[in-house]
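1. Need a 3D model of the sequence below.
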Amino acid sequence: RTIARRISALRSFFKYLVREAVIEYSPLTKVRTPKLEKKLPAFLDEIEINELLAMPDKSKVLGVRDQAVLEMLYATGCRVSELVGLTLERVDLSNRFVLLLGKGNKERVVPVGHTCCTALSTYYHVRQQLMLQYQQEHDFIFVNNRGGRLTDRSVRRILEKYINMLAIHKNVSPHTIRHSFATHLLEHGADLRSVQELLGHANLSTTQIYTHVSNEHVTNVYKKNHPRA
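-> Numbering: from 1, shown residues only. Predicted coordinates:
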């Protein structure tokens, strides 16, 4: 990837030099960019996700907050930047919708499940308690232990904490939860176009990386549909 990026930069630079008549031709004309291996995104299976969502101690203030954070990540498939930037007016608990602000300031409406709405409703009381205690005033939904706005790094630490407690031997980040969200939707029959809308991808080709499915799912589909399985 580094080589490909450098070749691309050099190719653009030499094109500029040719256009400005500094040189006659680009020495990179016949240099090919190496073919990049497409790696499938890591994801958690449904059992692992359920175990993760059950980990926070809801008898503690930050446990309630953590529960809401994890539920929101999995319920909407949002990016971590979209999560920490979420404000109160962008969540409609009564109609169970959230308005996410994605890349390029593009907005998208994503439905939110009952479980996530319940977790958020419970968390709102905790949020108010923390903000009053530390005299904070802002509209961001997710807060730290002093009532300030939660950061990207803090979300990663929260997730890392519970992954370590579960002893899951995978490199898990908030984006892994987003991958899991997309994978589980497709495994349960969602069409790729709908998943594209939910993820906020501009191009369907970006979403197509999620068309991988687990070996277990492939086996189950085969057994269910092949006449001589």
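
2. for residue 8, phi and psi?
-> Recorded main-chain torsions at residue 8 are phi -60, psi -40, according to degrees, to the nearest 10.

3. dump the residue contacts of the spatially most central residue of the chain.
-> Of all residues in the chain, the one closest to the mean position by CA atoms, centre = their mean is residue 178, 3.3 Å from it. Counting by CB atoms under 8 Å, 6 or more residues apart in numbering, residue 178 touches 73, 77-79, 199. The way it works is simple: take the backbone N, C-alpha and C, and place the C-beta from them, glycine included.

4. Now do the domain split for the protein, please.
-> For the chain, automatic domain parsing gives the domain ranges 1-37, 46-214.

5. Mind jotting down where the strands sit in this protein?
-> Ranges of strands within the chain are 91-92, 97-101, 107-111, based on DSSP state E.

6. Please work out which of these is packed deepest.
-> For those, the largest average neighbour count (mean count of other CB atoms under 10 Å) is found in strand 97-101, namely a mean of 19.

7. returning to what we had before: which one of the domains of the chain is the most hemmed in?
-> Compared across these, domain 46-214 shows the largest average neighbour count, a mean of 16 (mean count of other CB under 10 Å).

8. buried set for the helix or strand bottoming out on mean pLDDT in the chain?
-> None of the helices or strands of the chain scores lower by mean pLDDT, DSSP states H and E than helix 215-225, at a mean of 77. By neighbour count on 16 or more other CB atoms under 10 Å, the buried set for helix 215-225 is residue 217.

9. In PDB, please show the C-alpha coordinates belonging to it.
-> This file holds the C-alpha atoms of helix 215-225, laid out as PDB (Å, rounded to 0.1, in the frame of the first residue of the first chain):
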ATOM      1  CA  ASN A 215     -18.300 -20.500   6.900                       C
ATOM      2  CA  GLU A 216     -21.000 -21.500   9.300                       C
ATOM      3  CA  HIS A 217     -23.600 -19.400   7.400                       C
ATOM      4  CA  VAL A 218     -22.500 -20.800   4.000                       C
ATOM      5  CA  THR A 219     -22.800 -24.300   5.400                       C
ATOM      6  CA  ASN A 220     -26.300 -23.600   6.800                       C
ATOM      7  CA  VAL A 221     -27.500 -22.100   3.400                       C
ATOM      8  CA  TYR A 222     -26.100 -25.100   1.600                       C
ATOM      9  CA  LYS A 223     -27.800 -27.600   3.900                       C
ATOM     10  CA  LYS A 224     -31.100 -25.700   3.600                       C
ATOM     11  CA  ASN A 225     -31.200 -25.200  -0.100                       C
END
